[in-house]
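Q: Generate a structure from the sequence data that follows.
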Amino acid sequence: MSAARPFAYDSTVVLCWSCGAPVTATPAGSNGACSACGGAAPTRPRNQVLPSPQGRSPGPQDPMLRAQDGRPLTAPPGIAFLFEGGSIPAHRQHEALMAWQGARRRAANGDGSAGEEIVMLARELANAAEQGGDRLRARAVLESSLEVAPFPRHRATLLGALARGAVRAGDVDSAFRWWQHFDGGAPDLESDSEWRVSTAVVATARGDYMTALTALGANFEQYAIQDALDPQAVLFRANALEKTGQLAAAKAQLQQILASGGPTVRAGFERMVAFYGPLALCAGTMNEVVAQREKAGAATAGLGKILLGLFLIGVPFIPALIGVGFGIAMLLSGEDIPLGVELMPVVMPIGMSFVFFLAFGVWGIKSVLAGLRERRAFRSGVRTTARVLGARPTGVTINDIPEMLIELEVALDPPVKSALRRVVHPAEMHALVPGAVLNVRVDPKDPSTAILDQ
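A: Residues are numbered from 1 along each chain as shown. Modelled structure (predicted):
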């Protein structure tokens with residue numbers, strides 16, 4: 001097994017049932033042993049796991065599949081505790097591996113209910129291994145799961161992950177050979193989406209952008225794609241449009257998805273572009289769309305707080321101006337200079353201005369300074385993530401919606417503590433639970449105040 005081809009089609013790689021070390025065999029199957037611990041490490045013949053190679057590209061989609069769209073994947077109750085913010089954090093990877101091995105054994109003994117656990121855990125474990133630079137282990141997790149996956153849609157998910165992993169590893173020939181095993185015409189959206197997205201990824205790696213468009217459709221509405229694969233479908237569709245000269249359509253689709261999904265989608269796209277680095281996905285259009293959004297964001301960052309602050313500073317001076325106006329009018333009337341109670345129309349408004357300034361002007365100055373900090377953080381700060389440590393009300397409400405002080409740990413090097421104030425609707429409080437991850441911008445020179453990315 002070559003380290004340069006961790007997803008090589010002409011071999012089989014699984015994890016040892018005992019120690020979890022990668023074990024290499026031939027696609028014909030083996031009853032071999034693990035070289036690390038000596039334990040039994042049997043592998044099944046590939047022709048008993050996957051259908052015969054067909055190599056069919058997707059055509060028009062069955063309209064009935066659209067009824068299955070809009071159903072995000074959720075972790076089964078038995079493994080839900082492992083997930084935080086939609087993924088498994090680093091400190092629970094070992095628990096996830098133990099849970100996966102348990103589900104693998106149950107599935108091998110005929111327990112069909114283990115399928116969902118196997119797929120979700122395998123995807124998370126493989127992603128973590130690949131991000132850590134261990135593509136061979138990522139492949140082994142996927143192929144081990146494929147050997148015991150109980151249902152066709154589970155096998156389709158794992159097969160798609162293998163094909164796309166081979167593309168990311170630069171092994172386009174193996175990616176194509178994995179992809180040929182897709183059994184088209186599946187009755188479920190999950191399998192159909194895996195087939196379509198994997199077709200687009202493999203075709204893109206082969207420079208066949210028209211096949212990518214045929215598989216995914218030319219726009220969002222043409223074909224339904226399962227929610228978990230939607231981001232990849234959008235990115236590879238836009239890339240195919242760009243590479244075939246349809247720049248306006250590519251930019252329009254990227255603008256639409258970034259506007260609706262915000263910084264979370266942008267960060268996800270950036271990770272995918274980096275993951276598929278050699279393919280140079282949306283190299284021109286993405287940069288242009290992002291630059292436009294940055295320019296618009298820089299123009300509006302902190303503007304609301306600055307305008308509110310200026311209003312709060314300016315309003316208290318209105319009574320003073322009225323008082324000064326009375327005084328000027330009295331002087332211009334030619335009468336004697338007023339004294340005593342005659343000065344009340346002048347003195348009282350000025351005094352009111354002083355009181356109002358103490359009440360609202362100081363608040364306004366703080367608001368202006370906060371707005372200026374936000375502008376500086378947006379224009380010269382860094383984009384990163386922050387983990388929520390806690391959130392509590394500040395005592396301020398706007399239209400009966402509380403302002404929250406959100407305490408954060410910002411992912412700088414080293415991590416720093418920060419905070420931001422945000423009006424949060426009660427229905428959105430679930431996003432502020434400790435451990436939740438937010439996309440933020442922070443000025444490294446003044447990290448005490450972060451702002452939410454736009």
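Q: Just give the closest residue to Leu85, not the sequence neighbours.
A: For the record, residue 85 is Gly, not Leu. Val437 (5.0 Å; Cβ to Cβ, 6 or more residues apart in numbering). Glycine gets a C-beta too; all of them are placed from N, C-alpha and C.
Q: pLDDT on the helix or strand where Gly165 lies, on average?
A: Secondary structure assigned from DSSP states H and E places Gly165 in helix 152-168. Average pLDDT, helix 152-168: 96.
Q: rewinding a little: how many other residues sit next to the residue nearest to Gly85?
A: Number of residues near Val437 (other Cβ atoms under 10 Å) recorded here: 19.
Q: hey, what's it bridged with?
A: Arg387 (DSSP bridges).
Q: returning to what we had before: could I get the buried residue list for the helix holding Gly165?
A: For helix 152-168, the neighbour count (16 or more other Cβ atoms under 10 Å) marks 152-168 as buried.
Q: what ranges do the strands span in this structure?
A: 12-15, 22-25, 382-398, 401-410, 416-423, 437-443, 446-452 (DSSP state E).
Q: just the CA coordinates of the third one, formatted as PDB?
A: Spelled out, it's strand 382-398. Only the C-alpha atoms of strand 382-398 are listed here, as PDB (Å, rounded to 0.1, in the frame of the first residue of the first chain):
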ATOM      1  CA  VAL A 382      -9.000  38.800  11.600                       C
ATOM      2  CA  ARG A 383     -11.800  36.400  10.800                       C
ATOM      3  CA  THR A 384     -11.900  33.400  13.100                       C
ATOM      4  CA  THR A 385     -14.200  31.300  15.400                       C
ATOM      5  CA  ALA A 386     -15.000  31.700  19.000                       C
ATOM      6  CA  ARG A 387     -16.400  29.200  21.500                       C
ATOM      7  CA  VAL A 388     -19.200  30.500  23.700                       C
ATOM      8  CA  LEU A 389     -18.300  30.400  27.400                       C
ATOM      9  CA  GLY A 390     -21.600  31.800  28.700                       C
ATOM     10  CA  ALA A 391     -24.200  34.500  28.100                       C
ATOM     11  CA  ARG A 392     -26.200  36.700  30.400                       C
ATOM     12  CA  PRO A 393     -28.600  39.600  30.100                       C
ATOM     13  CA  THR A 394     -27.100  43.100  30.400                       C
ATOM     14  CA  GLY A 395     -30.400  44.600  31.600                       C
ATOM     15  CA  VAL A 396     -31.000  46.500  28.400                       C
ATOM     16  CA  THR A 397     -34.000  45.600  26.300                       C
ATOM     17  CA  ILE A 398     -35.000  46.800  22.800                       C
END
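Q: shouldn't the residue nearest to Gly85 be in contact with Gly86?
A: No. Because the distance of 9.1 Å does not satisfy Cβ atoms under 8 Å, Val437 is recorded as not touching Gly86.
Q: need the contact list for the closest residue to Leu241 other than its chain neighbours.
A: Counting by Cβ to Cβ, 6+ apart, Ala250 is the residue found nearest to Leu241 once chain neighbours are left out, at 3.9 Å. Contacts for Ala250 were tallied using Cβ atoms under 8 Å, 6 or more residues apart in numbering; they are 238-239, 241-242, 282, 285.
Q: tell me the domain ranges of the chain?
A: Following automatic domain parsing, the chain resolves into domains at 12-293, 303-370, 381-452.
Q: Do me a favour and get the end-to-end distance for the second one?
A: When the termini of domain 303-370 are compared using Cα to Cα, to the nearest Å, they are 10 Å apart.
Q: Which residues belonging to the top helix by length along the chain are considered buried?
A: Scanning the chain for the longest helix, with DSSP state H as the assignment, gives helix 247-275. Judged by neighbour count (16+ other Cβ under 10 Å), helix 247-275 contains these buried residues: 249-255, 257-258, 261, 263, 265-267, 269, 272-273, 275.
Q: and if you look at stretch 283-301?
A: The neighbour-count check on stretch 283-301 (16+ other Cβ under 10 Å) flags 285-286, 289-290, 293, 301 as buried.
Q: okay, the residues you listed in JSON lines with distance to Ala25 and pLDDT next?
A: Formatted as JSON lines, the buried residues of stretch 283-301 follow (distance: Cβ to Cβ, whole Å; pLDDT from 0 to 100):
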{"residue": "Thr285", "distance to Ala25": "44", "pLDDT": "93"}
{"residue": "Met286", "distance to Ala25": "41", "pLDDT": "89"}
{"residue": "Val289", "distance to Ala25": "46", "pLDDT": "88"}
{"residue": "Val290", "distance to Ala25": "45", "pLDDT": "84"}
{"residue": "Arg293", "distance to Ala25": "49", "pLDDT": "80"}
{"residue": "Ala301", "distance to Ala25": "56", "pLDDT": "79"}
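Q: Give me the nearest residue to Tyr276, chain neighbours excluded.
A: Arg168 (5.9 Å).
Q: ok, which pair from the buried residues of stretch 283-301 is furthest apart?
A: Thr285 and Ala301 (24.0 Å; Cβ to Cβ).
Q: returning to that earlier point: and the longest helix of the chain with helix 152-168, angle?
A: Helix 247-275 and helix 152-168 are oriented at 90 degrees to each other (axes from the mean of the first three to the mean of the last three Cα atoms, to 10 degrees).
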